[in-house]
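K.L.:
please find the sequence and the predicted model below.
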Amino acid sequence: MTDAPLQTPLLKIRGLSASYGAVRALRGVDLDVADNEFFALLGPSGCGKSTLLRSLAGFEDPSDGTVTLGGADLLALPAHKRPVNMMFQSYALFPHLSVEKNIGYGPSRAGLAKSEVAARVAEVIRTVGLEGLGGRRPSQLSGGQRQRVALARAIVNQPRLLLLDEPLSALDRNVRAQMQLELKRLQHEVGIAFVVVTHDQEEALSMADRVAVMNDGEVLQVASPEELYRNPVNRFVAEFIGRSNVFEGTARPDGLEVAGGALLPGRGHGSYLVVRPEDIDIRERAAESSGGPAGGSAGGVLRGQVLETQFSGGSTAIAVATQGPTTVAGQPVLVTQPGFPTVHRGAEVELTWSADAARIVA
Ligand SMILES: Nc1ncnc2c1ncn2[C@@H]1O[C@H](COP(=O)(O)OP(=O)(O)OP(=O)(O)O)[C@@H](O)[C@H]1O
């Protein structure tokens, strides 16, 4: 899926702007979220993710723009009347209430009959995998279990849209990886659209159907994780999503011409060439082939020397100091290959990639 507007979005955001005094936190955001979609807002600290989420929940007053949910004006409703629920980083559980009471609190307050509340609570306890723990207090649960209670509480009112602000940030690494899968499974099972805020790109890529990459109050690109990785619209997205090698120069029909005249193979328009570490072939240079101009006509070869190799189980990362063209950050070129290293520290190497494997972007 690409940036094309959805046919019948559940959530439709147009021209949304918000400020805190002189700080413009959102600058005309347009977004569509589909029914039953797992949607992530991803961006660096301060880019406006939380402001956007809080505007949807009704905790922030946008200065401009429209938001509709299922065709109805969402901004016209006070927070407590919106068919939207928000799960916070801190979970906000009642410490003195049992798991069951924590989960049943919302439906009870909404005036549901006791039997109905009990039935719903039992159902969501099953959904989130907390069977047998209904009588415990939050302090008697692990971090992952508390997180499930918070989730159960957020879905028990059957909102049309669930907003999650950095939902997994309080969990340690292992639990977090497990909960990412769990959250995705749960989202598909309950069929509620999820909008998740995160600054962790791995988390966004592994969970979401589509991701909006934000910077400085603006949405730069909305696409599936694969599309963002393969076809970033600009340098910012390319560097924010996954690891990349970026070169600066002038676009030519078959690549990017860099300072010194070398042509690096790639396709697209703009001033930056992005090539992913796994798309670069590396091989040791035969002694007789040394001495030619770096990045010459031989298919856009870069030459260099291996600084370091790092084997990490299934794959190897290799840092190469290039002769001639260097990356924009002045960093070594990063190459990854499956399996064990085929070159070693100090080796003189050649790097090649095909034009189709590299994108030239703005
Ligand atoms: N209450 C506030 N008063 C003044 N400025 C604020 C306030 N809340 C947020 N901002 C500013 O608005 C901008 C957007 O903030 P926001 O919290 O939406 O970013 P974020 O992407 O969620 O960041 P983080 O990942 O750090 O939570 C930032 O420049 C921030 O400093």
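P.N.:
Yes, it's here.
K.L.:
point out where the stretch 251-362 of the chain drops to low pLDDT.
P.N.:
In the prediction, the stretch 251-362 of the chain carries residues with pLDDT under 70 at positions 287-300.
K.L.:
next to the ligand, which bits of it? Give me the list.
P.N.:
Within the stretch 251-362 of the chain, no position is adjacent to the ligand by C-beta under 6 Å from any ligand atom. Placement of C-beta: from N, CA and C, glycine included.
K.L.:
in the stretch 251-362 of the chain, which spans are strands?
P.N.:
255-257, 263-265, 267-268, 272-275, 281-284, 302-311, 315-323, 333-338, 348-352, 358-361 (DSSP state E, counting those that start in this stretch).
K.L.:
quick one: which of those strands is nearest Ala34?
P.N.:
Using C-beta to C-beta as the criterion, the shortest distance between Ala34 and the strands of the stretch 251-362 of the chain is 26.6 Å, found for strand 358-361.
K.L.:
how far off centre is that closest one?
P.N.:
Computed by C-alpha atoms, centre = their mean, to the nearest Å, the separation of strand 358-361 from the middle of its chain amounts to 20 Å.
K.L.:
what is that strand packed up against?
P.N.:
When contacts are defined as 3 or more C-beta pairs under 8 Å, 6 or more residues apart in numbering; DSSP states H and E, strand 358-361 sits against helix 235-240, strand 255-257, strand 267-268, strand 272-275.
K.L.:
if I look at Gln323, how far off is Glu348?
P.N.:
With distances defined as C-beta to C-beta, to the nearest Å, the gap from Gln323 to Glu348 amounts to 9 Å.
K.L.:
apologies, that question was intended for Gln310.
P.N.:
Distance of Gln310 to Glu348, computed by C-beta to C-beta: 19 Å.
K.L.:
so those two - more neighbours on which side?
P.N.:
Neighbours were counted for Gln310 and for Glu348 using other C-beta atoms under 10 Å; Glu348 has more, 16 against 11.
K.L.:
give me the number of residues near the residue in the stretch 151-300 of the chain that the ligand sits nearest to?
P.N.:
Using C-beta to the nearest ligand atom, the closest approach of the stretch 151-300 of the chain to the ligand is made by His199 at 4.8 Å. Residue crowding around His199 was assessed by other C-beta under 10 Å; the count is 17.
K.L.:
what do you get for Val190?
P.N.:
Other residues lying near Val190 total 17 when counted by other C-beta under 10 Å.
K.L.:
surely it touches Ala154?
P.N.:
No. Under the criterion of C-beta atoms under 8 Å, Val190 makes no contact with Ala154, lying 10.1 Å away.
K.L.:
now do the helices in this protein.
P.N.:
Secondary structure of the chain (DSSP state H): helices at 49-57, 99-109, 114-128, 143-155, 173-190, 201-207, 225-230, 235-240.
K.L.:
could you tell me the least trusted of those helices?
P.N.:
Here the helices of the chain differ in mean pLDDT, and the lowest is helix 173-190 at a mean of 85.
K.L.:
quick check: angle from that helix to helix 114-128?
P.N.:
Calculated by axes from the mean of the first three to the mean of the last three C-alpha atoms, to 10 degrees, helix 173-190 forms an angle of 130 degrees with helix 114-128.
K.L.:
ok, back up a step: most tightly packed of the strands of the stretch 251-362 of the chain?
P.N.:
Each of the strands of the stretch 251-362 of the chain was scored by mean neighbour count; the highest is strand 272-275, a mean of 27, by mean count of other C-beta atoms under 10 Å.
K.L.:
can you tell me which helices and strands that one packs against?
P.N.:
helix 235-240, strand 245-248, strand 255-257, strand 358-361.
K.L.:
can you list the strands that that strand pairs with?
P.N.:
strand 245-248 (antiparallel), strand 358-361 (antiparallel) (DSSP bridges).
K.L.:
would JSON lines of those strands with distance to Leu130 be doable?
P.N.:
Supplementary listing: these in JSON lines, determined by distance: least, C-beta to C-beta, whole Å:
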{"stretch": "strand 245-248", "distance to Leu130": "45"}
{"stretch": "strand 358-361", "distance to Leu130": "45"}
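K.L.:
for Ala40, which of those strands is the nearest?
P.N.:
Distance to Ala40, taken as C-beta to C-beta, is lowest for strand 358-361 among those, at 21.3 Å.
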